[in-house]
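1. A structural model of the following input is requested.
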Amino acid sequence: MVTKFFHLIAKHQLLAQAAILLCAIVFPLAVSQSSYVMNIAVMALTYAILTLSLNLVTGFLGTTNLGQAAFFGVGAYTAAILSTKLDVPFLLTLPLAAIVAGLVGMLLGFITLRVSGRYLSIVTLGFCEIARLVELNWYALTRGPLGIMNIPAPKVFGFAFETLTGKYYIVLILTVLVTVAVIRMIHSRTGRAISAIKSDQLAADVMGINVKRTKILVFVVASGIAGLAGGFYAHYISFIDPTSFNYNKSIQIMSMAILGGMGSIPGSIIGAVILTVLPELLRDFVLLRQVIYGVVIIVMVLFRPAGLLGGVNFKHILQRLSFRERTAAEGVGNE
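-> Just a heads-up that it's a prediction; the model follows:
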């Protein structure tokens, strides 16, 4: 049944993508613009962007990163400081948040070139804690544990998007743009280099691939995307503090990537949506909510370790279908 579903999606990819996008566009109308549901939707799309950024490093490059929340925080604080202290408009704070987070990611990329495996996990985890401590103690810039409040709502060409519906459409546009950018990157020459490095770093180096430059590039892009999500989040929530960007947030993003499937772009979005909606569905079960949440993750790891869409390549499925159809047609012709 599942195989048939994947075959159907592979055959009609463009139609499926258009249908999903159309559903996302009309979603606010379908839920009657309920503030509760719209808030969940906005956060789900924000996490989708974060999960896509993590999947670039961990899923496609094969490098463990437990510090993605740090770049999320760097982007959020950059946007918050620029907008509240310097009155920088929203259309500038977003790219600047991405740039600053990308530069920090470049620094971490240089540091992590010499380590791998569990040691890399420890380094990225340590970086996440360092970022949190900087945000907590640099009071003159970040206001420490008090956080930054009164961050203005997104404003585009003089029009303020103060409603949840308006903010939803902004993050939807960002999600689509990031998804397209990641797809283009993965299917480019750089994407082939990333795949080669993940398969065998030594062989990739022998083939002439600049492993160091490619790794740093992936860190920069992934960090920039996380910073972009952070910039939007700051304008959306209007208040940020260091507790929003700690180690637990990194684990949450990692869980979404694992559930959806490492190395899967649609899986990143699906995993983010499921693990954003699931806790809300279990809100009435206060005592059992975390237990059920954990059981879902454990069951997935045991019975579907690759994730929901991990290892699913719609292009290969379509090629196999075409081959079968050709073979069947030739068989009928020979008869």
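
2. what helices or strands is the longest helix seen in the chain leaning on?
-> The longest helix of the chain (DSSP state H) is helix 211-237. With contacts taken as 3 or more CB pairs under 8 Å, 6 or more residues apart in numbering; DSSP states H and E, helix 211-237 sits against helix 35-55, helix 68-85, helix 90-112, helix 164-186, helix 189-199, helix 201-206. Every residue, glycine included, has its C-beta placed from N, CA and C.

3. Let me know the angle separating the fifth one from helix 164-186.
-> The reference is to helix 189-199. For helix 189-199 against helix 164-186, the angle by axes from the mean of the first three to the mean of the last three CA atoms, to 10 degrees is 70 degrees.

4. Report the buried residues of helix 189-199.
-> Neighbour-count burial for helix 189-199 flags 190, 191, 193, 194, 196, 197 (criterion: 16 or more other CB atoms under 10 Å).

5. So which elements touch that helix?
-> Helices and strands touching helix 189-199, by 3+ CB pairs under 8 Å, 6+ apart, are helix 201-206, helix 211-237.

6. can I have it written out in CSV, keeping just the CAs?
-> Output of helix 189-199 as CSV, limited to C-alpha atoms (Å, rounded to 0.1, in the frame of the first residue of the first chain):
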residue,chain,number,x,y,z
ARG,A,189,27.5,20.2,-8.8
THR,A,190,28.0,21.2,-5.1
GLY,A,191,25.2,18.7,-4.2
ARG,A,192,27.1,15.9,-6.0
ALA,A,193,30.2,16.9,-4.1
ILE,A,194,28.3,16.8,-0.8
SER,A,195,27.0,13.3,-1.6
ALA,A,196,30.5,12.1,-2.5
ILE,A,197,31.9,13.4,0.8
LYS,A,198,29.2,11.7,2.8
SER,A,199,29.9,8.4,1.0
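
7. what angle sits between that helix and helix 211-237?
-> 110 degrees.

8. So what touches helix 189-199?
-> Applying CB atoms under 8 Å, 6 or more residues apart in numbering, the contact partners of helix 189-199 are 60-62, 185-186, 203-204, 207, 209-211, 214-215, 217-218.

9. okay, the helices and strands packed on helix 189-199, which one's buried deepest?
-> A comparison of the helices and strands packed on helix 189-199 by mean neighbour count, using mean count of other CB atoms under 10 Å, puts helix 211-237 on top with a mean of 24.

10. Any idea how far that one is from the middle of the chain?
-> Relative to the centre of its chain, helix 211-237 is centred 9 Å away, using CA atoms, centre = their mean, to the nearest Å.

11. helix or strand right after it?
-> Per DSSP states H and E, the first helix or strand lying C-terminal to helix 211-237 is helix 247-260.

12. Report the buried residues of that following helix.
-> For helix 247-260, by 16+ other CB under 10 Å, it's 249, 250, 252, 253, 254, 255, 256, 257, 258, 259, 260.

13. buried ones in stretch 34-50?
-> So stretch 34-50, judged by 16+ other CB under 10 Å, has buried residues 37-50.

14. And the contacts of it?
-> Residues from elsewhere that reach stretch 34-50, judged by CB under 8 Å, 6+ apart: 27-28, 31, 68, 72, 164-165, 167-168, 171-172, 174-175, 178, 225-226, 228-229, 232-233, 236, 252-253, 256, 268-269, 272-273, 275-277, 280.

15. Stretch 89-103 now?
-> Here stretch 89-103 makes contact (CB under 8 Å, 6+ apart) with 71, 74-76, 78-79, 82-83, 88, 152, 154-157, 220-221, 223-228, 230-232, 234-235.

16. Could I get the buried residue list for that stretch?
-> 90, 93, 94, 96, 97, 98, 99, 100, 101, 102.

17. Quick check: what element follows the lowest-mean-pLDDT helix or strand in the chain along the chain?
-> One helix or strand of the chain scores below all others by mean pLDDT, DSSP states H and E: helix 2-11, with a mean of 51. Proceeding N to C from helix 2-11, the next assigned helix or strand is helix 13-30, under DSSP H and E.

18. just to revisit the earlier point, same list, the helices and strands packed on helix 189-199, but as JSON lines with distance to residue 243 please.
-> Putting these into JSON lines (distance: least, CB to CB, whole Å) gives the following:
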{"stretch": "helix 201-206", "distance to residue 243": "37"}
{"stretch": "helix 211-237", "distance to residue 243": "12"}
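
19. Count the residues that sit near the closest residue to residue 148 other than its chain neighbours.
-> Using CB to CB, 6 or more residues apart in numbering and skipping residues adjacent in sequence, the residue nearest residue 148 is residue 80, 4.4 Å away. The number of residues packed near residue 80 is 29, by other CB atoms under 10 Å.

20. ok, now which ones touch residue 80?
-> 148, 151, 234, 240.

21. ok, the first one to residue 23 distance?
-> Going from residue 148 to residue 23 by CB to CB, to the nearest Å gives 35 Å.

22. What of the second one?
-> Remark: distance between residue 151 and residue 23 (CB to CB) = 30 Å.

23. More neighbours: which of these two?
-> Set side by side, residue 151 and residue 23 show more neighbours around residue 151, with 22 against 10, by other CB under 10 Å.
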